[in-house]
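turn this into a model:
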Amino acid sequence: AMIGHYVTNICGAIRSLEYILGNDIALMEQIVDVALETAETLEKDGLLGELSVDFGIDQDHQPWIIEVNGKPAKELFAKLNDMAMIERVYLCPIEYALYLSKRG
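Sure, this is the predicted structure:
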């Protein structure tokens, strides 16, 4: 890595939103809202099926989008040892496809 630059495509650990933000409900809601707005904006050009929005939180507790991934790496979620989360990660794209098929 170059001095003064960050590498954003290496994941040292994966943590839940609650683990990182504790009980800061307002910040959690802001992150969810920005993630949903990002997905809605990107899907104006075509359906994606799934995506991930990677955030950083600055010292003033402001969220910043680092990057958006159209094919997120799901295997990282196995490190959480949370079967409900793993099921959700794999089922969400299927549920979205089902929703789209019923929408006509």
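
so where do the strands sit in this protein?
With DSSP state E as the definition, the chain shows strands at residue ranges 52-57, 63-69.

so of those, which one's packed in deepest?
strand 52-57 (a mean of 16; mean count of other C-beta atoms under 10 Å). (C-beta placed from N, C-alpha, C; glycine too.)

coming back round to it: nearest to residue 41, of the strands of the chain?
Of all the strands of the chain, strand 63-69 sits nearest to residue 41, with 9.8 Å by C-beta to C-beta.

that closest one pairs with which strands?
Strand 63-69 sits in its sheet next to strand 52-57 (antiparallel), going by DSSP bridges.

remind me, longest helix of this structure?
Longest helix in the chain by number of residues (criterion: DSSP state H): helix 83-103.

return the list of helices and strands in contact with the helix or strand bottoming out on mean pLDDT in the chain.
Ranked by mean pLDDT, DSSP states H and E, the weakest helix or strand in the chain is helix 17-21, scoring a mean of 82. Packed against helix 17-21, as judged by 3 or more C-beta pairs under 8 Å, 6 or more residues apart in numbering; DSSP states H and E, are the following elements: helix 25-42.
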